[in-house]
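# Quick one: sequence and predicted model below, then my questions.
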Amino acid sequence: MKVFRNSTTALILALVVGLTTLGSGCEYARKVIAKDKVNQGAIKYNQGHTTEAQEFFVSATETDPAYTTAWLYLGATLVKEYNKEIDDAKKKEIAKHALEVYKRALTLAGDNCVNVDNALSYIAVIHDDMKNFDEWVRAMETRATNKCTKKEGRAQSYYSMAVKYWQCSYEQTTRYQDKALIGKDDFHYRNMDYPAALPDKQKAMACTDKGLEYIEKSLELDPENPDTYIYKGLLYRERQKLTKEESKRKELDTIAVKIGADATELQKKKQAEAAEKKAQEQAAPKS
């Protein structure tokens with residue numbers, strides 16, 4: 001399943017080169033020292049010495065607090081650190097620190113869209129890791145609507161939100177499936193109309209509605225993504241599971257089947273285009 005994490009380009013730490021226009025001699029020296037610390041930290045990070053790298057990045061932020069790159073690199077080490085942490089309390093503490101660091105980087109990024117998108121992407125990733133669903137949605141919304149986010153990134157952000165809302169509904173409807181009907185009718189009606197189950201049904205319906213809202217936004221930006229059509233069809237299947245009236249269920253089934261067929265055709269088209277491109281590259285004269 002394609003999710004946002006897989007589509008987000010990881011922050012690759014590399015040596016920082018070049019100097020921006022600098023002011024006074026003291027300011028110049030401070031910026032040079034901070035850049036040197038980031039360079040040393042990048043070397044340590046690439047060697048797998050995350051703790052040592054983090055120390056250099058912390059020192060760089062203290063030397064030049066306005067140096068956005070140092071904050072971004074520090075954030076990367078913190079994400080790596082909490083991913084290794086097994087103690088829940090410590091993990092949350094480090095993740096909270098990472099969020100603060102990326103938010104600081106975001107305030108310093110200005111019009112540098114590469115830095116802005118890195119910060120926004122990682123803020124979303126951290127909330128996702130910490131299972132902060134509402135905060136994750138807000139972070140993804142911010143990324144999807146930010147002027148720095150390219151069209152492809154916006155489409156992917158909306159797609160990821162749609163997938164997450166599908167998961168939300170699927171988790172509820174799966175709990176109420178009739179085991180006797182699985183295999184005969186995987187999309188059978190889920191009886192969730194009694195008082196104890198109504199909150200779960202309402203949650204599933206709300207998640208399905210939001211998922212379809214975001215899937216349409218994604219398709220508006222990128223109508224050629226087969227995966228988006230697949231999840232659109234799955235979201236209609238969730239509606240089918242939550243619908244009792246048989247005529248409406250049949251209507252939803254027809255819609256889902258049609259969307260699935262469209263996804264298949266689009267996938268075939270993309271595979272044919274990829275095969276043709278590969279054939280052309282192989283046939284091209286070698287220099």
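Nice, thanks for sending it over. Numbering: from 1, shown residues only.
# so where's the stretch 151-287 of the chain shaky on pLDDT?
286-287 (pLDDT under 70).
# which residues of it fall in helices?
151-175, 198-221, 226-241, 246-283 (DSSP state H, counting those that start in this stretch).
# Quickly find the element holding residue 43.
Assigned by DSSP states H and E, residue 43 belongs to helix 25-46.
# Does anything pack onto that helix? Which helices or strands?
helix 50-63, helix 68-84 (3 or more Cβ pairs under 8 Å, 6 or more residues apart in numbering; DSSP states H and E). Glycine gets a C-beta too; all of them are placed from N, C-alpha and C.
# Let's test this: mean pLDDT of it, rounded?
For helix 25-46, mean pLDDT rounds to 91.
# and what of stretch 94-112?
96.
# quick one: residue 206 and residue 26, what's the gap?
Counting by Cβ to Cβ, to the nearest Å, the separation of residue 206 from residue 26 is 57 Å.
# These two: who's more crowded?
residue 206 (13 against 8; other Cβ atoms under 10 Å).
# Quick one, which of the helices of the stretch 151-287 of the chain gets closest to residue 130.
helix 151-175 (14.1 Å; Cβ to Cβ).
# Return the most buried member of the helices of the stretch 151-287 of the chain.
Most buried of the helices of the stretch 151-287 of the chain by mean neighbour count (mean count of other Cβ atoms under 10 Å) is helix 226-241; its value is a mean of 23.
# What is it packed up against?
helix 151-175, helix 198-221, helix 246-283.
# do you know which of these lies nearest residue 112?
helix 151-175 (15.4 Å).
# TSV for the helices and strands packed on helix 25-46, including distance to residue 249 and mean neighbour count?
Listed next are those as TSV, based on distance: least, Cβ to Cβ, whole Å; neighbours: other Cβ atoms under 10 Å:
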stretch	distance to residue 249	mean neighbour count
helix 50-63	53	19
helix 68-84	43	22
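# I figured residue 53 hits residue 39, correct?
No - under the criterion of Cβ atoms under 8 Å, residue 53 makes no contact with residue 39, lying 10.9 Å away.
# and stretch 29-40, which residues are buried?
30-31, 34-35, 37-40 (16 or more other Cβ atoms under 10 Å).
# Generate JSON lines for the helices of the stretch 151-287 of the chain, with distance to residue 137 as supplementary columns.
Output for these, formatted as JSON lines (distance: least, Cβ to Cβ, whole Å):
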{"stretch": "helix 151-175", "distance to residue 137": "6"}
{"stretch": "helix 198-221", "distance to residue 137": "9"}
{"stretch": "helix 226-241", "distance to residue 137": "16"}
{"stretch": "helix 246-283", "distance to residue 137": "24"}
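# right, and those helices - which one's nearest residue 113?
helix 151-175 (10.2 Å).
# roughly how far out does that closest one sit from the chain middle?
10 Å (Cα atoms, centre = their mean, to the nearest Å).
# if we can go back for a sec, ok, which of the helices of the stretch 151-287 of the chain comes nearest residue 57?
helix 151-175 (25.5 Å).
# okay, the angle between the closest one and helix 226-241?
30 degrees (axes from the mean of the first three to the mean of the last three Cα atoms, to 10 degrees).
# helices and strands around helix 151-175, which ones?
helix 4-7, helix 133-145, helix 198-221, helix 226-241.
# Looking at those helices, spot the one closest to residue 252.
The nearest among those, by Cβ to Cβ, is helix 226-241 at 4.1 Å.
# On the three-state scheme, residue 125 is what?
helix (DSSP: H, G, I helix; E, B strand; the rest coil).
# Just put the helices and strands packed on helix 25-46 in CSV and tack on mean pLDDT and distance to residue 260.
Formatted as CSV, these follow (pLDDT from 0 to 100; distance: least, Cβ to Cβ, whole Å):
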stretch, mean pLDDT, distance to residue 260
helix 50-63, 95, 44
helix 68-84, 96, 36
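# got these as CSV, with distance to residue 192 columns?
Output for the helices and strands packed on helix 25-46, formatted as CSV (distance: least, Cβ to Cβ, whole Å):
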stretch, distance to residue 192
helix 50-63, 47
helix 68-84, 37
